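Engineer: sequence plus predicted model, see below.
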Amino acid sequence: MSQAIAPELHQLPPLANLIVDRAIDNTQRKLIAGFRNKDNSRPNAKTTDVGSSLEDTAKATSASSVMAVANRGIAWREMIQKSLSHGISSLSTAQFDGEFKIKNGKAEGLDNLPEQPGVYVVYDASGKVAYVGDSGNLKQRWRDGHMDSHRLGEKNGKPYKLADQFEEGCTVRFIKMDSVETAAAVEAHWIKDEADRPSVNKRAELKEEQGKRSNIEAKKMKDASGSTSSLLKGAGVELAKNMGWQNLEQLTSVMLKALKGELVDILAGGKSRISQRVERFFHQIWAAIRAIFDAPLKLLAGIVEFIVNAFSKAISQIYGLARNLFDLANGAWNLFRGAKTMSTEELVQKVSETIIVSGCLVIWDALDPIIEAQLLPMLGPAAPYVSCAITAMGFGLSSFYLQKIVPAIVDFLVAFKQGWTAALDAKRDACLQLIVLEENEWKLVSELEGHARSTGALINDMQQHVQTLSAHRPVQRIDMRALRASRRNLS
């Protein structure tokens, strides 16, 4: 039996449906981001453990994980940028941001170290590379880490690993980085790239499959290091992955909403057959797939988000803003293309939907991590899912009530704009009429000017003709009195 003759689905009330749909979107977004951003609790394992993977995913379903996934392009941007500006492709070409010296176990210039991530290189007294390291806080790593460990080793009679360099004299050079991932990637790349491994570094870094998420990301960048072109290739791979994951997220959302619709219908006593439900379900999935491929801009949403976040730290601080801005721009473009073919009612509806949905998404997506952080001490692992429900309710309520206010405002503005446009068109038509009238008058003046020239030429010719006749035959005066007298005599 075809879908066309299947019984109509029972549905939730509009407000409840809006809240449930948004809760589905929020939850599955966090679940997918959790899967993408989960730590590997079984690195280098030879078997797959579904239970461990699910547990790792559940632990990573937080707003911070979603933000980390969305902002993954930032690290690649920094690696490419540092490759061009600091020559990090090789230690021999590296341009450092600063340096300090250590002699007789005492460091000079530690106060000038930045309190941010970075990578550093220890050169011994002969100028040879002795050690390469990284840290999330350069100043703390050296003040409370290396130097304290050296003093403690002297006290306990167990020399620190860099004791010889610290006593004989060494120079430490560093490059500031924006994240621990990029710092770890550069460190691992330099250790691997160095022809003679630094004497103090006992092993290669990020060689095997990693467990910690930051190291997993760092290993990707380390494996792509070597040149700017190879880094660009690695970033391109991440771009494609981001696009694929976003499309999967969209399809998953459609599937869950389709299942929700069927469950609501079943609970409400719907009479559809199993075959009708299955056909209807797959019809919605196929419609979503077609919508993705029929809208090229939407297909590239993942690439747009990756690039926008890579180039803007401000946008990257709110995980969903880049996506919402893209949806807003895409909706505005479609409105612009279809405005001339839409009726006023359709235009008001589309503009209102764009304003309400995009505005509420920006607000509630920004509030999601804040609400989750407040709930985390009380609810623990359940905080991400409760915050999903709260933000879904907030989105649904705000959207529902704004739909009663915004369309009236938009309708007024559209009507005002249409009236203003009509008045402007009338003024334009009046100006065109004046221009046409002026052109006609100008043509008339031109014709009169030509007529005047031809008349003047005729008068001039007549005067010359009269002068010519006067020169050859003198003019005789007629005596009117004599003429009258002669006429009387004749009569």
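Structural biologist: Received the coordinates, thanks.

Engineer: can you pull out the low-pLDDT segments for the protein?
Structural biologist: 1-6, 195-196, 317, 332-342, 414-426, 469-480, 483, 487, 489-491 (pLDDT under 70).

Engineer: go again using 50 as the cut-off
Structural biologist: 1-4 (pLDDT under 50).

Engineer: so who does the residue most central in space within it touch?
Structural biologist: By CA atoms, centre = their mean, the chain has its centre lying nearest to V308, at 3.6 Å. By CB atoms under 8 Å, 6 or more residues apart in numbering, V308 lies in contact with I315, A322, L325, F326. Where you see a C-beta, it was placed from the backbone N, CA and C, and this is true even at glycine.

Engineer: secondary structure element for the second one?
Structural biologist: Meaning A322. Assigned by DSSP states H and E, A322 belongs to helix 321-338.

Engineer: after that helix comes which helix or strand?
Structural biologist: Downstream of helix 321-338 (by DSSP H and E), the next one is helix 344-379.

Engineer: which is the next helix or strand following that following helix?
Structural biologist: The first helix or strand that comes after helix 344-379 along the chain, using DSSP H and E, is helix 383-402.

Engineer: same for that following helix, what does it pack against?
Structural biologist: Here helix 383-402 touches helix 14-37, helix 344-379, going by 3 or more CB pairs under 8 Å, 6 or more residues apart in numbering; DSSP states H and E.

Engineer: flag every buried residue along the shortest one.
Structural biologist: If I follow you right, that is helix 14-37. By neighbour count with 16 or more other CB atoms under 10 Å, helix 14-37 contains the buried residues 17-37.

Engineer: isn't E217 up against E181?
Structural biologist: Yes. E217 lies in contact with E181 (CB atoms under 8 Å); the separation is 4.6 Å.

Engineer: find residues that contact each of those two.
Structural biologist: A75.

Engineer: just to revisit the earlier point, so the residue nearest to the centre of the chain, which of the three states?
Structural biologist: Secondary structure, DSSP: H, G, I helix; E, B strand; the rest coil: V308 is helix.

Engineer: what's the answer for the one 10 residues further on, then?
Structural biologist: On the three-state scheme (three-state DSSP), I318 is labelled coil.

Engineer: which one is it nearest to, not counting chain neighbours?
Structural biologist: Sequence neighbours aside, A366 is the residue nearest to I318 in space, at 5.0 Å (criterion: CB to CB, 6 or more residues apart in numbering).

Engineer: doesn't L321 make contact with that neighbour?
Structural biologist: Yes. Counting by CB under 8 Å, A366 does reach L321; the two are 7.2 Å apart.

Engineer: quick one: which of these two has more around it?
Structural biologist: For A366 versus L321, the count of surrounding residues by other CB atoms under 10 Å is larger for L321: 21 against 16.

Engineer: pretty sure that one sits against D365.
Structural biologist: Yes. Contact status for L321 versus D365: in contact at 7.0 Å, counting by CB under 8 Å.

Engineer: please compute how far the lengthiest helix in the chain lies from its chain's middle.
Structural biologist: In the chain, taking DSSP state H as the definition, the longest helix is helix 406-472. Computed by CA atoms, centre = their mean, to the nearest Å, the chain-centroid distance of helix 406-472 equals 54 Å.

Engineer: just checking, what packs against that helix?
Structural biologist: Short answer (3+ CB pairs under 8 Å, 6+ apart): helix 406-472 packs on helix 344-379.

Engineer: off-centre distance for the helix it packs on?
Structural biologist: 17 Å.

Engineer: what residues of it count as buried?
Structural biologist: Those would be 347-362, 364-369, 371-372, 375-376, for helix 344-379 by 16+ other CB under 10 Å.

Engineer: shouldn't G211 be within a helix?
Structural biologist: No. The assignment for G211, made by three-state DSSP, is coil rather than a helix.

Engineer: pull out the buried positions in stretch 274-289.
Structural biologist: Q276, R277, R280, F281, Q284, A288.

Engineer: just those residues: which are in helices?
Structural biologist: Reading helices off the buried residues of stretch 274-289 with DSSP H, I get Q276, R277, R280, F281, Q284, A288.

Engineer: could you export the residues you listed as CSV, including distance to G169?
Structural biologist: As requested, these are exported to CSV (distance: CB to CB, whole Å):
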residue, distance to G169
Q276, 83
R277, 78
R280, 78
F281, 73
Q284, 72
A288, 66
